[in-house]
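In: can you look at this prediction? I've put the sequence above it.
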Amino acid sequence: DAKTTQPPSMDCAEGRAANLPCNHSTISGNEYVYWYRQIHSQGPQYIIHGLKNNETNEMASLIITEDRKSSTLILPHATLRDTAVYYCIVRPYYSGNTPLVFGKGTRLSVIA
Amino acid sequence: SAVISQKPSRDICQRGTSLTIQCQVDSQVTMMFWYRQQPGQSLTLIATANQGSEATYESGFVIDKFPISRPNLTFSTLTVSNMSPEDSSIYLCSVVVADTGELFFGEGSRLTVL
């Protein structure tokens, strides 16, 4: 079973920041937070991951609370192409290569 | 990163037939996984394709229905056997890139069973 809870859907105006929350209150010390997204009819795409420090890459920023029980994915300037289902997943990093367990994700709609 | 090619990308099949989906990776990978995504749903793990041994199936999935082959470190197949309309789904192959631990996905194979 997925160990994360996300809102089922969110809207965001084009050009604004999209902030997608995720609760993972039972996360273990060796588990990372991963974010993937799935644009319609495509395979899931990796976005970012982190352990306890905030992370940023060319796609997004990941803010993890100090107690690690929740996190927020930030798309700084959302575009229409960011419309997708976003999945927050917890998983050990070097763990013998375990698969991802997907929850229901958040359907983000970016509106012009 | 890893480039994953799945074939077929889509197919329409008749009830009672079987279809084999191929997954080809552009580099050697240790772990390969097969997922199913039913219409409007999230991804569900079917099995881990083990090279040189039998696949490891998740609860609710059995080898007779979803036989898997993994002849080498770059290739795997998933067969959906004796199909029914309930098998209409997108089937996705996923691999782990060892040096980063990231998982990459193919574009999926969309099956429609009539």
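Out: Received, thanks. Residues are numbered from 1 along each chain as shown, chains lettered A, B, ... in the order given.
In: tell me the centre residue of chain A?
Out: The centroid of chain A falls nearest to A:Trp35 when counting by C-alpha atoms, centre = their mean (3.3 Å).
In: quickly find the element holding the closest residue to chain B within chain A.
Out: Distances between chain A and chain B by C-beta to the nearest C-beta are smallest at A:Gly43, namely 3.4 Å. Yep, even glycine has a C-beta here, placed from its N, CA and C like the rest. Assigned by DSSP states H and E, A:Gly43 falls within no helix or strand.
In: where does chain B have low pLDDT?
Out: B:98-100 (pLDDT under 70).
In: which residue, other than its chain neighbours, is closest to whatever residue of it ends up closest to chain A?
Out: Using C-beta to the nearest C-beta, B:Phe105 is the residue of chain B that sits closest to chain A, at 3.4 Å. Spatial nearest neighbour of B:Phe105, excluding adjacent residues (C-beta to C-beta, 6 or more residues apart in numbering or on different chains): A:Gly43 at 3.4 Å.
In: cool, and B:Glu107?
Out: In space, B:Glu107 is closest to A:Gly43, 5.0 Å off (C-beta to C-beta, 6+ apart).
In: where does pLDDT dip in chain A?
Out: A:1, A:93-97.
In: about what we covered before: what is the neighbour count of the residue nearest to B:Glu107?
Out: A count of nearby residues for A:Gly43, using other C-beta atoms under 10 Å in any protein chain shown, gives 21.
In: chain B against chain A: which residues are in contact?
Out: Within reach of chain A by C-beta under 8 Å from any C-beta of the partner chain, chain B has these residues: B:4, B:30-31, B:33, B:35, B:42-45, B:48, B:92, B:94, B:96, B:98, B:101-108, B:110.
In: need the strands for chain B, in chain order.
Out: B:4-7, B:10-13, B:19-25, B:32-37, B:43-49, B:56-57, B:68-72, B:75-80, B:89-96, B:103-105, B:109-113 (DSSP state E).
In: again but with chain A, I slipped
Out: A:9-13, A:18-23, A:31-38, A:45-50, A:55-56, A:61-64, A:70-75, A:84-92, A:106-111.
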